[in-house]
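>>> model the structure of this input:
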Amino acid sequence: MPEQSEGTGQEAIFFGPNVRRELVLADLMREALQDHPREACAQDLHLLQMARAMGPLEAEVMEVVWQKGEASVRDVYLVFSKKREIAYTTVLTVLRNLNRKRLLGRRREAGGYLYSPSCSRQEFVQSRVGEIMDVLLDRFPGPALTHLLRRMERARG
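Numbers count the residues shown, from 1 in each chain. Prediction:
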């Protein structure tokens, strides 16, 4: 059963342990390929185009920004500080990282930045699922298609 975000009634974007490990490996492979691009094959270059995976704290911060539409570091910090102890600088770092990953845009406002999502939550989930499916279909077409067909049969019947 997918985890629910507190108070949102929506699925949280926490990936299962196996998928998370694969996404981390994809991130490491992407970094290695960026360091040695001549050694990359066309299939490996596809991984360079995949958006980086979000960690659990990044996913929680994204949920807050998606809910608010636009938020300052202080806005996000106040939401988190009601639930748990967290440093303001940690929230700032996470927002900067999400901006660097192009999941959040930012605009200068008096006294700091306001962060806003680069895409909707639904667009992100669809994109992520599509990227994962593409990698599975490219690397393991037989098992991936067999699994999809079985899932479709269960859904129909």
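>>> contacts and neighbour counts: CA atoms only from here.
Noted.
>>> the helices in this structure, which residues?
Assigned by DSSP state H, the chain shows helices spanning 17-35, 42-49, 56-68, 73-83, 88-100, 121-139, 141-156.
>>> with distance to Arg107 added, can I get those helices in a markdown table?
Below are those laid out as a markdown table (distance: least, Cα to Cα, whole Å):
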| stretch | distance to Arg107 |
| --- | --- |
| helix 17-35 | 27 |
| helix 42-49 | 25 |
| helix 56-68 | 14 |
| helix 73-83 | 12 |
| helix 88-100 | 11 |
| helix 121-139 | 20 |
| helix 141-156 | 42 |
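>>> what's the closest of those helices to Arg108?
Closest of the helices of the chain to Arg108 is helix 73-83, at 12.1 Å (criterion: Cα to Cα).
>>> tell me the buried residues in that closest one?
Going by neighbour count (16 or more other Cα atoms under 10 Å), the buried part of helix 73-83 is Val73, Val76, Tyr77, Phe80.
>>> now swap in stretch 102-110 and tell me
Buried residues in stretch 102-110, defined by neighbour count with 16+ other Cα under 10 Å: Leu103, Leu104, Gly105, Arg106.
>>> among the residues you listed, which are in strands?
Counting by DSSP state E, the buried residues of stretch 102-110 place Leu104, Gly105, Arg106 in strands.
>>> returning to that earlier point: will you turn the buried residues of stretch 102-110 into TSV that also has pLDDT and distance to Ser116?
TSV is the format used below for the buried residues of stretch 102-110 (pLDDT from 0 to 100; distance: Cα to Cα, whole Å):
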residue	pLDDT	distance to Ser116
Leu103	91	9
Leu104	95	5
Gly105	96	5
Arg106	96	6
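>>> picking that back up, tell me which of the helices of the chain sits most buried.
Per-stretch averages of neighbours, counted by mean count of other Cα atoms under 10 Å, single out helix 56-68 among those, with a mean of 18.
>>> for that one, packing partners?
Here helix 56-68 touches helix 73-83, helix 88-100, strand 112-117, going by 3 or more Cα pairs under 8 Å, 6 or more residues apart in numbering; DSSP states H and E.
>>> just the C-alphas of that helix, formatted as CSV.
Output for helix 56-68, consisting of C-alpha atoms alone and laid out as CSV, is shown next (Å, rounded to 0.1, in the frame of the first residue of the first chain):
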residue,chain,number,x,y,z
PRO,A,56,12.8,11.1,1.3
LEU,A,57,13.4,14.6,2.7
GLU,A,58,13.4,16.1,-0.8
ALA,A,59,10.1,14.3,-1.4
GLU,A,60,8.6,15.8,1.8
VAL,A,61,9.8,19.3,0.9
MET,A,62,8.3,18.9,-2.6
GLU,A,63,5.0,17.9,-1.1
VAL,A,64,4.9,21.1,0.9
VAL,A,65,5.8,23.2,-2.1
TRP,A,66,3.2,21.4,-4.3
GLN,A,67,0.6,22.1,-1.6
LYS,A,68,1.5,25.8,-1.2
